[in-house]
Structures are given as C-alpha cells and as structure tokens.
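Novice: What follows is a predicted protein model with its sequence.
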Amino acid sequence: HVQLVESGGGSAQAGGSLRLSCGYTSSSVCMGWFREIPGKEREGVATSHRLSAATLYADSVKGRFTISRDDFESPLFLQMDKLEPDDTGMYYCAAERGWCLGGLKKLEYRYWGRGTQVTVS
C-alpha cells in the first residue's frame, strides 16, 4: 500500500505560479497529478514513468506545467506557471506500483492522495 500526501496548493492570480508537492511512503513505477472540479470527471494533468523517465501532459497544460522528481525516493512535484482561472480545482497525486503505462487515465492508478485545492483568479 502507498500513502500519498499533497501540499503546496493555495490561491494565485492569473499568470502566477504555484508548486505542488507529493510525498509518499513507497516509490512507484508511475506517478501523476490529476485535477477535479465540481460536476466534472477527474482528469489527468501530468504523469511520469519511473523506468522510462517519460512524462505526459494534458494539452491544456503543455508548456505551462512541469512534473518532476529528483530521484526515485524524492517527492513528486508539479510546477505550475502561467496559471489560468480554468486551472482551478482540487489536485490529486496518484501512484501505481505495478505494471503501468503512465497515461492520463485515472483507472490506471490505484493509490491516491486526499488532494490540495488550487484557486486561480
């Protein structure tokens, strides 16, 4: 079992930046960030595959968000720049220890944090 804890959410002005962090109890093959707004399905924002080092981004955040982790044991980060009001939502860290592709579909991930709120105005 993997426990995930997000931090770093908050409020920002449009055009500003925030950095989210995800701490975890065990390293995972695939990790990612998802977001959810009321009334809409949880969507993938950015993911990272530990073995291939591949990253994947939703079209809406390409060029603005960066997912990273320094090594296999360090926290997972999401640097969010040029924030837009549409980025507002609850952001969740997700992980999968088994076989995974590192895609943007939530069904691929078994472990989830409780989320951190991001509000852009």
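Specialist: Right, received. Where do you want to start?

Novice: for residue 24, what are its contacts?
Specialist: 2-5, 31, 75-76, 93, 95 (CB atoms under 8 Å, 6 or more residues apart in numbering). Placement of C-beta: from N, CA and C, glycine included.

Novice: partner residues bridging it?
Specialist: residue 4 (DSSP bridges).

Novice: circling back: need the buried ones from the contacts of residue 24 selected in ChimeraX.
Specialist: Selecting only the buried entries of the contacts of residue 24 in ChimeraX, with 16 or more other CB atoms under 10 Å as the criterion:
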select :2,4,31,75,76,93,95
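
Novice: Adding pLDDT and distance to residue 11, write the contacts of residue 24 out as JSON lines.
Specialist: Compiled in JSON lines, those are given as follows (pLDDT from 0 to 100; distance: CB to CB, whole Å):
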{"residue": "2", "pLDDT": "87", "distance to residue 11": "29"}
{"residue": "3", "pLDDT": "93", "distance to residue 11": "27"}
{"residue": "4", "pLDDT": "95", "distance to residue 11": "23"}
{"residue": "5", "pLDDT": "96", "distance to residue 11": "20"}
{"residue": "31", "pLDDT": "94", "distance to residue 11": "25"}
{"residue": "75", "pLDDT": "91", "distance to residue 11": "22"}
{"residue": "76", "pLDDT": "94", "distance to residue 11": "22"}
{"residue": "93", "pLDDT": "97", "distance to residue 11": "20"}
{"residue": "95", "pLDDT": "95", "distance to residue 11": "27"}
